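# okay, structure incoming, though there's no sequence with it:
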């Protein structure tokens, strides 16, 4: 099937592609036009591949390729082992967005849920409720998570103890993580004024 996802690997000498048929392929970019065919290919999902995210585990823990699919699953692949699936996690709905930071992956789904998943075990640590609209895009770093949703809203979270606010839905039999995100407070009037002034100066 046609390509539905694309991601560079390592120093961009290799490229990963995901297809409508659920297959993930690795391509050697050192070959002109990738004319030699895929270096590796594997059937990973029963539906289209929606997102591919390469990620280096902290502490020299190795390289993973995260693949989200229309079959409502997240697969963790080992690029150096012929795209072997090392772990898999079922999701609540179609995954529209995917990111990874440190030892967690974050998947945003069509039902508004954001699932935080441990790497490399694929154990679901906890989930966040963003309001029910599909989570179309995300940005994450060690300190924050920002989600853009179909309702036109952008929700920012900082890493803290969200379970104390009731934002967390821990999976059955699994305790919520100690450092779950909490929704960030809206900016003050002074902060909004400073932001507008900075933007005006940048345009000048």
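Received it, and whenever you're ready, just let me know what you need. All values derive from a computational prediction rather than experimental measurement.
# quick one: the helices in the chain, in order.
In order along the chain, the chain carries the following helices (DSSP state H): 189-203.
# remind me which residues of it are low pLDDT?
1, 12, 32-36, 159-198, 200-204 (pLDDT under 70).
# try it again with 80
Residue ranges of the chain with pLDDT under 80: 1, 10-13, 30-37, 159-204.
# got the contact list for the spatially closest residue to residue 128 that is not a sequence neighbour?
Excluding its sequence neighbours, the residue lying closest to residue 128 (C-beta to C-beta, 6 or more residues apart in numbering) is residue 114, at 4.3 Å. The way it works is simple: take the backbone N, C-alpha and C, and place the C-beta from them, glycine included. If you count contacts by C-beta atoms under 8 Å, 6 or more residues apart in numbering, residue 114 has them with 106-108, 127-128, 130, 135, 138, 145, 147.
# count of residues packed around the residue lying closest to residue 109 once chain neighbours are set aside?
For residue 109, ignoring the flanking residues on the chain, the nearest one in space by C-beta to C-beta, 6+ apart is residue 93 at 4.0 Å. Neighbour count for residue 93, taken as other C-beta atoms under 10 Å: 16.
# got the contact list for residue 93?
72, 109-111, 113.
# let me know how buried residue 94 is, in neighbour terms.
The burial count for residue 94: 17, using other C-beta under 10 Å.
# isn't it right next to residue 107, touching?
No. Look at residue 94 against residue 107 with C-beta atoms under 8 Å: they stay out of range, at 10.2 Å.
# and residue 129, how far from residue 144?
18 Å (C-beta to C-beta, to the nearest Å).
# residue 73 now?
26 Å.
# same deal with residue 96?
Counting by C-beta to C-beta, the gap from residue 96 to residue 144 is 19 Å.
# so those two - more neighbours on which side?
residue 96 (20 against 14).
# go ahead and confirm the more buried one touches residue 138.
No. Using C-beta under 8 Å as the test, residue 96 is too far from residue 138 to be in contact (9.0 Å).
# list residues touching both of the two?
residue 108.
# tell me the one among the contacts of residue 114 nearest to residue 52.
Minimum distance to residue 52 across the contacts of residue 114 is 12.6 Å, recorded for residue 107 (C-beta to C-beta).
# ok, the closest one touching residue 124?
No. With contact defined as C-beta under 8 Å, residue 107 does not count as touching residue 124 (9.5 Å).
# more crowded one of these two?
residue 107 (31 against 21).
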